[in-house]
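*Asks:* For reference, the sequence and a predicted model appear below.
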Protein chains: 4
Amino acid sequence: MDLGIAGRHAVLMASSRGLGRACAESLAREGVNIVVNGRNSDDVERAVAELREQHHVEVVGVVGDSSTTEVHDALLDWCPNPDIVLLNGEGPAPAPFANLDEDSLTAAFRQAVIGPVQFLQRVVPGMVERRFGRIVAVSSAMVKTPNPLMSLSHGTRLGLAGILKGLSRDVVAHNVTVNQLLPERFDTGRQQQMAELVMKFKGVSYEEARAEQVASIKAGRLGRPEEFGDAFAYLCSAQAGYLSGQNLQLDGGSYEGVF
Amino acid sequence: MDLGIAGRHAVLMASSRGLGRACAESLAREGVNIVVNGRNSDDVERAVAELREQHHVEVVGVVGDSSTTEVHDALLDWCPNPDIVLLNGEGPAPAPFANLDEDSLTAAFRQAVIGPVQFLQRVVPGMVERRFGRIVAVSSAMVKTPNPLMSLSHGTRLGLAGILKGLSRDVVAHNVTVNQLLPERFDTGRQQQMAELVMKFKGVSYEEARAEQVASIKAGRLGRPEEFGDAFAYLCSAQAGYLSGQNLQLDGGSYEGVF
Amino acid sequence: MDLGIAGRHAVLMASSRGLGRACAESLAREGVNIVVNGRNSDDVERAVAELREQHHVEVVGVVGDSSTTEVHDALLDWCPNPDIVLLNGEGPAPAPFANLDEDSLTAAFRQAVIGPVQFLQRVVPGMVERRFGRIVAVSSAMVKTPNPLMSLSHGTRLGLAGILKGLSRDVVAHNVTVNQLLPERFDTGRQQQMAELVMKFKGVSYEEARAEQVASIKAGRLGRPEEFGDAFAYLCSAQAGYLSGQNLQLDGGSYEGVF
Amino acid sequence: MDLGIAGRHAVLMASSRGLGRACAESLAREGVNIVVNGRNSDDVERAVAELREQHHVEVVGVVGDSSTTEVHDALLDWCPNPDIVLLNGEGPAPAPFANLDEDSLTAAFRQAVIGPVQFLQRVVPGMVERRFGRIVAVSSAMVKTPNPLMSLSHGTRLGLAGILKGLSRDVVAHNVTVNQLLPERFDTGRQQQMAELVMKFKGVSYEEARAEQVASIKAGRLGRPEEFGDAFAYLCSAQAGYLSGQNLQLDGGSYEGVF
């Protein structure tokens, strides 16, 4: 399927590893030029080198926290007119309700909401003018089914879900779409870290911890990052211009609700 | 993007025209062998001929109402082991609440629920055994936002939405996915008919009736059938195996709800 | 809290036992005259006698299946102009997807959708004219989270949910409200039957079977019928006229979704 | 209907006027002792005086912004062990996406999320220990259907919706419920202000501006504050202990979605 985006330019936040990296692979394969971003310079360099080697597109890297103005400046220096934007970032640590404090809530809100909003304010007008834009945010399955331990995540990401819904209605007439992907348990470093946490807390083996993760997913397996990347690529396609304001769950069929 | 389904076999109900036909085009382009279906034999013959001419896949046609056992028999004669199924059919006529009667409700339920359930009962076990299945139902945007005039549609299609959600949870572990597409106002013969109805009732011109349709869509245009077909093709892809139980709205960003 | 409905007339389907009976108690306590209904004449007689004894309101009983025209006739003979209607009925038996057949699906649809629609067609015009109506349907928690074994329930009740939503939008301007209550695991005869089924299938004691039911509810207990009855009474109150088209879950806080 | 809460103690934020004041009236009528709160001392004094005069309950007032620690201290000085809490506060001003800035987003998040979380952290443990608690947040209809101009509202209130959902699941087993009321267009000072804004911007009369408001509501009228107060009172009742984690829309039946 020709996605009709060869030659387009994409800014992909937090894309040096994990799900973001898979998104970069899928877009580069389709001929999209990429700005990779990540907090760790080795990861970013490796991602840039590998993407350049495997695909015939321009790839550059920006190191830093994608919720900051400095990183926004650097991303836009390399790519002043992005056609495609991936909003992504490291999720907050677990915290029970009783331990939520002003600092961690404020930091999570800055990461999940303020940073993305500020970046979009700089790029959406150009997308509207050029009549092409594909904005996709990596959210979490928990925005539909909040886990009491993850308030820092859903307590802020839900706000972004609302803001993006509102934004989507204002810009879809200009062929700018805004959607969210809601992943649950993909086989990335994050799930490995979580398995290690479970090993410590429950005194189980790594295999047992991983088996627990798999058992929580109706598909009977974790998601593969390339499945996520291709879902992202489809949402970025030229032919997805009539699809906007959606929250697509990539969760191995685990969500219990009808809608 | 390689969808990984070349050589697969698909049974596509109500696919000789409109959205179903667009689904056939998108799959045939990806190398999927197709059984086309429709109520009108001319339409079916034309679809078969055109698909054969343009794509190097096997295409056969079955004429008849896809909710009947006879047509199910014929579809499965041609394709005993479908990998992909499109559940689709003509929508019921508008009817205000006061005019709903037992016959029209029962007929709509048979069309929207009983027929699809009976067909799936015959093909899902094979999909589970072969560990590949992609089931997609064409529903309606109205299942999330019921229009009082369309009770025959949402009053039955919602039931199918629930049944398919339940089914999806039972089969996703076998790489069989079940999803729904919720279209609103695609540029097909149905919207032309609706425009003609509006011309009569409101005494307006065809251009005015079409402008009204466009005005109801946030994207400022009707959907293009090929956009629908490609959304369907993506859901049928090998790499969409972690995506199940979803209701994807293709509505030009018109739905007002967050979820 | 004065609910402002003393002297009103209510038709309560399937109200001789269980949740329906609790609804009758709550309304009778508020001074509403009641038509009780149930399939078993002993149950109906007992309910009528007890309600008359405890409350100073008119109570009559109609024996029979509330989805039939004969029973509709009898209910309206006793109460030609109901102000309040409870749509309720026995839920269908569990059945896996593979066992759904045309007869059971059709019967469930008649019970869950056609019967209620036909009764409402007879009483809504009067409510609109008199500018007061409170319609409440007892649905099920499963309409939001379908259980694969209960397709006969959610596969039809979801249709009613959609039809009632559409209807609610047409009549709310006339002070006629339409809402649904979505119960999960109330301490009625139905949960006792289910416990007995579990005893047989799993070879456990009654106490163990009941403990399993409790464990499935976040509140750590089953619901009490009088809690259901009072939720119903509130929805029927004069001051609930601005609340319509809602699906209120009474599930001990068990639903996982935000919305 | 006896709500079973006479003698209980309630802390009601932002309750000197409008919807909060109506909540105070409904609870005082049921015999609940009240701490009133508001930013304007005249309003608070008047509310205290009027509530004391009309109801035989203890009423005290605390002046100040209910999202601050100082006001939390004062509220808990008067009422160290509240059984009932109303989370309420002035909504943020409209702002288009392009004008959202860090300061206004941060302030809205503090008001809508951090303040409420900090207050609940101080009172929920006592509710759990005493095995009675009724927490109700006044949210907005827009959390389900975001208006692009109101990102400061839904972009933060949605976060609270998620956090409260998570919390609700942890505490319902202790007879502590957490619910939200989602009002749309009640006849309070806020709608009068909004009508005045519309007069200025559109150059219409006050009557025309009010007619526009009414036209946006399916019920054909604005909500009455006492309807809101009584919905709140019902959610606070002893018999509503099985009802938790819900978002109840009080919108004159205007919401278009099934769920």
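*Replies:* Arrived safely, thanks for sending. Please read all numbers here as calculations on a predicted model, not as lab measurements.

*Asks:* need the residues of the stretch 101-250 of chain A near chain B, please.
*Replies:* A:144, A:161-162, A:165, A:168-169, A:172-173, A:177, A:218-220, A:223-224, A:226-227, A:230-231, A:233-234, A:237, A:239-250 (Cβ under 8 Å from any Cβ of the partner chain). Bear in mind the C-beta positions are built from the backbone N, C-alpha and C, glycine included.

*Asks:* which ones are touching the residue nearest the centre of chain A?
*Replies:* Residue closest to the mean C-alpha point of chain A, counted by Cα atoms, centre = their mean, is residue A:138 at 2.9 Å. By Cβ atoms under 8 Å, 6 or more residues apart in numbering or on different chains, residue A:138 lies in contact with A:14, A:19-20, A:86-89, A:180-181, A:183.

*Asks:* was I right about residue A:81 contacting residue A:11?
*Replies:* No. Between residue A:81 and residue A:11 there is no contact under Cβ atoms under 8 Å: 9.9 Å.

*Asks:* Now do the same for the residue in the stretch 51-200 of chain A that chain B sits nearest to: its pLDDT.
*Replies:* Closest residue of the stretch 51-200 of chain A to chain B, Cβ to the nearest Cβ: residue A:172 (3.5 Å). With respect to pLDDT, residue A:172 scores 98.

*Asks:* Let's verify the residue nearest to it when sequence neighbours are not counted: helix, strand, or coil?
*Replies:* Once flanking residues are discounted, residue A:172 sits nearest to residue B:253: 3.5 Å by Cβ to Cβ, 6 or more residues apart in numbering or on different chains. Put simply, residue B:253 is coil when judged by DSSP: H, G, I helix; E, B strand; the rest coil.

*Asks:* Count the residues that sit near the nearest residue to residue A:6 once chain neighbours are set aside.
*Replies:* Leaving aside its sequence neighbours, residue A:6 sits nearest to residue A:31 (Cβ to Cβ, 6+ apart; 3.1 Å). The tally of other residues near residue A:31 (other Cβ atoms under 10 Å in any protein chain shown) stands at 16.

*Asks:* Next, the contact list for residue A:31, please.
*Replies:* Taking Cβ under 8 Å, 6+ apart as the test, what residue A:31 contacts is A:5-8, A:55-57.

*Asks:* From those, pick the one nearest chain C.
*Replies:* For the contacts of residue A:31, the nearest to chain C is residue A:5 (33.1 Å; Cβ to the nearest Cβ).

*Asks:* Checking my notes, the closest one in a strand, right?
*Replies:* No. Assigned with three-state DSSP, residue A:5 falls outside any strand and is coil.

*Asks:* doesn't residue A:34 make contact with it?
*Replies:* No. Residue A:5 lies out of contact with residue A:34 (Cβ under 8 Å); the separation is 11.6 Å.

*Asks:* Going by how many neighbours each has, rank the two and give me the top one.
*Replies:* residue A:34 (30 against 22).

*Asks:* Contact partners for residue A:167?
*Replies:* Going by Cβ under 8 Å, 6+ apart, the list of residues near residue A:167 reads A:120, A:124, A:178, D:97, D:148.

*Asks:* Tabulate the residues you listed in CSV, adding columns for secondary structure, pLDDT and neighbour count.
*Replies:* What follows is the contacts of residue A:167, written out as CSV (DSSP: H, G, I helix; E, B strand; the rest coil; pLDDT from 0 to 100; neighbours: other Cβ atoms under 10 Å in any protein chain shown):
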residue, secondary structure, pLDDT, neighbour count
A:120, helix, 98, 24
A:124, helix, 98, 21
A:178, strand, 98, 28
D:97, helix, 98, 19
D:148, coil, 95, 18
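
*Asks:* The stretch 1-150 of chain A: strands as residue ranges?
*Replies:* A:9-12, A:33-38, A:59-63, A:84-87, A:133-138 (DSSP state E, counting those that start in this stretch).

*Asks:* Let me see the contact set for residue A:62.
*Replies:* A:35-37, A:44, A:71, A:74-75, A:78.

*Asks:* any low-confidence regions in chain A?
*Replies:* Nowhere does chain A drop to pLDDT under 70.

*Asks:* Now do the helices in it.
*Replies:* A:18-29, A:41-54, A:69-78, A:102-109, A:115-130, A:151-171, A:189-202, A:206-215, A:225-236 (DSSP state H).
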